[in-house]
Every structure is written in C-alpha cells, then in structure tokens.
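J.: got a predicted structure plus its sequence, pasted below:
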Amino acid sequence: MKALLISSSPHREESSTFLLAKEVLRALEEDGVSCEEIHLHGCKVFFCKSCETCHVKILKCPLTDDVAMILRKMLDADGIILASPNYINNVTASMKTLLDRSSHFIHCKRLLEKYVAGVVTSGSGFADMVLEYIGYYGRTCGAQYSGGVSAVRAFGQDKKEEAFRLGKKMAADMRTKRSYPEQMKVIEESRKHFARVMKLRKNEWLEEYQYWVEKGWL
C-alpha cells in the first residue's frame, strides 16, 4: 500500500501543518504503508487556463510545470493526505491551484477505491470548513474520506495522538477496502451526473469519453 502526503505550507518541513501530518505518516508507516511527501512550496504549480486539453487527451496539459508529476503520484497512491494551513477558511492558493488542475479526476472519478484524509492548522482554531472542503474534493473525485485532524499552530501531544489515530484509521481503511455507504451514495450520484455530461460532450472530450466507455459506465 502507498500513501502520498501533499503539504502546502510555505514553511515546508518547519511548518506546524507538516509536523501534524508527520504523525499521520508515522502511523501509516507503522502499519506497513509506504509513504511519500510532496511540498507544494518549491514546486511549479501554474493556474489552470481552462483550455480543456486534459479532457480531450487525458492528463495532457500545455502548461510546463510539476502538476502532471503530482497527479500521477496521486493516481499511484492508495491514500492521499492533503495538508494545508487555513487561509481564510480554505486551503492555500497553491493547494487550490493543484486541485483546480485535477478536473479530469472529477470527470472520470479517477480516485475511486482510494482514501483521502485532511490535516489543517490555523492560528484561530477554525478548521471545519477547510476539512469539509478536503472531504468534498475527495468524494467528487471518487475517493472516500477517512477523516481529518486540525489544530492551532502551537498544538500539544493530544493533537499528535489524534493525528496518529487518523493514520491508523486510514491504514485500516486501505487494508480492508472499507466502504462508507453514505459517501458511496454521494459518489454514485456524482458519477450519474457525469455520465450525462460525458454523453453531451463525447465529441469534444474524446479520451475522457473513451475512458467511460472502457470502464463500462455508459
């Protein structure tokens, strides 16, 4: 099993966000999960130009940056931890830009049978909206949400233990391929919606439409 941590704090390894996320990774590694981490600060992540190239030719993009590499690592992982400080009740701009560039994942539910977890830190302690957004993103791409952990920047041992428990839960989810019925219901409704969209755009989004045909979803 593989897990990928994507952290978007500009302070990278020195950030409270990463220190909390490390406890999730520690639990995963203890359970035999191979873990990799990416810090978006230092990566080239350009804004989506809405050219729709990635829908015509899957994962192809005219922008020359690190996004294609990151998206392929997401596809290769069984679990994805999205870690971000709270920026005005949302993820950071770099994280949001990366997620914007993954719209193919949404159209084709490319994270089906994968699990997403959220890690959020803030100065205020308000993080629910950010964690909810991370969970929503995972589901709209087909992944189930194992849960999230949040803390103020100067967190203590109790939050480290909570993050460690999240890692254990995520490892168990991946190992047992746990199904969350309510989440799967939402995912299936989204897939029905995009089935209609694919039929409407089949002459434009050529490779995405073919992906749906090959999956037997149409």
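T.: That came in fine, so what should we check first?
J.: contacts and neighbour counts: CA atoms only from here.
T.: Noted.
J.: list the buried residues for stretch 40-52?
T.: 40, 45, 48, 52 (16 or more other C-alpha atoms under 10 Å).
J.: actually stretch 65-72, sorry about that
T.: 67, 68, 70, 71.
J.: what residues does the nearest residue in space to the first one that is not next to it in sequence make contact with?
T.: It refers to residue 67. Leaving aside its sequence neighbours, residue 67 sits nearest to residue 45 (C-alpha to C-alpha, 6 or more residues apart in numbering; 5.9 Å). Contacts for residue 45 (C-alpha atoms under 8 Å, 6 or more residues apart in numbering) come out as 65, 66, 67, 94, 97, 98.
J.: phi first, then psi, for residue 45.
T.: phi -130, psi 100 (degrees, to the nearest 10).
J.: same question, residue 53
T.: phi -60, psi -40.
J.: I'd assumed residue 102 was in contact with it.
T.: No - the pair residue 53 and residue 102 does not pass the contact test of C-alpha atoms under 8 Å, sitting 12.0 Å apart.
J.: more neighbours, those two?
T.: Neighbours per residue, other C-alpha atoms under 10 Å: of residue 53 and residue 102, the larger number sits with residue 102, 20 against 16.
J.: that one and residue 177, how far apart?
T.: 24 Å (C-alpha to C-alpha, to the nearest Å).
J.: just residue 118 next, same as before
T.: Taken as C-alpha to C-alpha, the span from residue 118 to residue 177 is 19 Å.
J.: other SSEs contacting the helix or strand containing residue 146?
T.: Under the criterion DSSP states H and E, the helix or strand holding residue 146 is strand 144-152. Contact analysis of strand 144-152 by 3 or more C-alpha pairs under 8 Å, 6 or more residues apart in numbering; DSSP states H and E lists strand 115-122, helix 128-140, helix 157-176, helix 181-200 as its packing neighbours.
J.: mind redoing it with 10 Å?
T.: Secondary-structure packing of strand 144-152 (3 or more C-alpha pairs under 10 Å, 6 or more residues apart in numbering; DSSP states H and E): helix 16-30, strand 79-85, strand 115-122, helix 128-140, helix 157-176, helix 181-200.
J.: dump the ones you listed into TSV; add mean neighbour count and mean pLDDT as well.
T.: Shown next, in TSV, are the helices and strands packed on strand 144-152 (neighbours: other C-alpha atoms under 10 Å; pLDDT from 0 to 100):
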stretch	mean neighbour count	mean pLDDT
helix 16-30	23	97
strand 79-85	28	98
strand 115-122	27	97
helix 128-140	21	97
helix 157-176	19	97
helix 181-200	15	97
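J.: output the ones you listed as a markdown table; include the columns distance to residue 218.
T.: Output for those, formatted as a markdown table (distance: least, C-alpha to C-alpha, whole Å):
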| stretch | distance to residue 218 |
| --- | --- |
| helix 16-30 | 37 |
| strand 79-85 | 27 |
| strand 115-122 | 25 |
| helix 128-140 | 18 |
| helix 157-176 | 28 |
| helix 181-200 | 7 |
